[in-house]
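Student: coordinates only, sequence not included:
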């Protein structure tokens with residue numbers, strides 16, 4: 001099983017959001033991620049699942 005791990009800054013750039021928003025989603029468990037030391041990592045598949053689940057919520 002191989003995953004592509006993204007950094008918070010990469011996710012923020014992809015979504016054109018502030019990193020603070022991504023950190024908030026991670027802390028509140030809206031977006032799944034793993035904290036390694038002081039850094040968060042997000043699996044590409046978890047990001048895609050998060051976006052898909054919110055696609056029609058607007």
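Tutor: Now that the structure is in, tell me what you want to look at. The structure displayed is predicted, hence computed values, not measured ones.
Student: biggest strand in this protein by residues?
Tutor: Across the chain, the longest stretch assigned as strand under DSSP state E is strand 39-43.
Student: pull out the buried residues from that strand.
Tutor: Buried residues in strand 39-43, counted by 16 or more other CB atoms under 10 Å: 40-42. All C-beta atoms are positioned from the backbone trio N, CA, C, and that covers glycine.
Student: what comes up buried for whichever helix or strand comes after that strand?
Tutor: Sequence order places helix 44-54 as the next helix or strand after strand 39-43, per DSSP states H and E. Within helix 44-54, the residues scored as buried using 16+ other CB under 10 Å are 46-47, 50.
Student: pick the one among these closest to residue 7.
Tutor: Using CB to CB, residue 47 comes nearest to residue 7 of the buried residues of helix 44-54, at 11.5 Å.
Student: next one, pLDDT for the residue lying closest to the closest one once chain neighbours are set aside please.
Tutor: Leaving aside its chain neighbours, residue 47 sits nearest to residue 11 (6.1 Å; criterion: CB to CB, 6 or more residues apart in numbering). As predicted, residue 11 sits at a pLDDT of 98.
Student: flag every buried residue along the helix or strand encompassing residue 11.
Tutor: In this assignment (DSSP H and E), residue 11 forms part of helix 8-15. Within helix 8-15, the residues that qualify as buried are 8, 11-12, counting by 16+ other CB under 10 Å.
Student: please tell me how far the nearest residue to residue 3 once chain neighbours are set aside sits from residue 13.
Tutor: In this structure, residue 3 finds its nearest non-sequential neighbour in residue 43, 4.8 Å apart by CB to CB, 6+ apart. Note on residue 43: its distance to residue 13, by CB to CB, to the nearest Å, is 17 Å.
Student: so how far is residue 28 from residue 4?
Tutor: 23 Å.
Student: tell me how many other residues crowd residue 6.
Tutor: 20 (other CB atoms under 10 Å).
Student: and for residue 4?
Tutor: Neighbours around residue 4, by other CB under 10 Å: 9.
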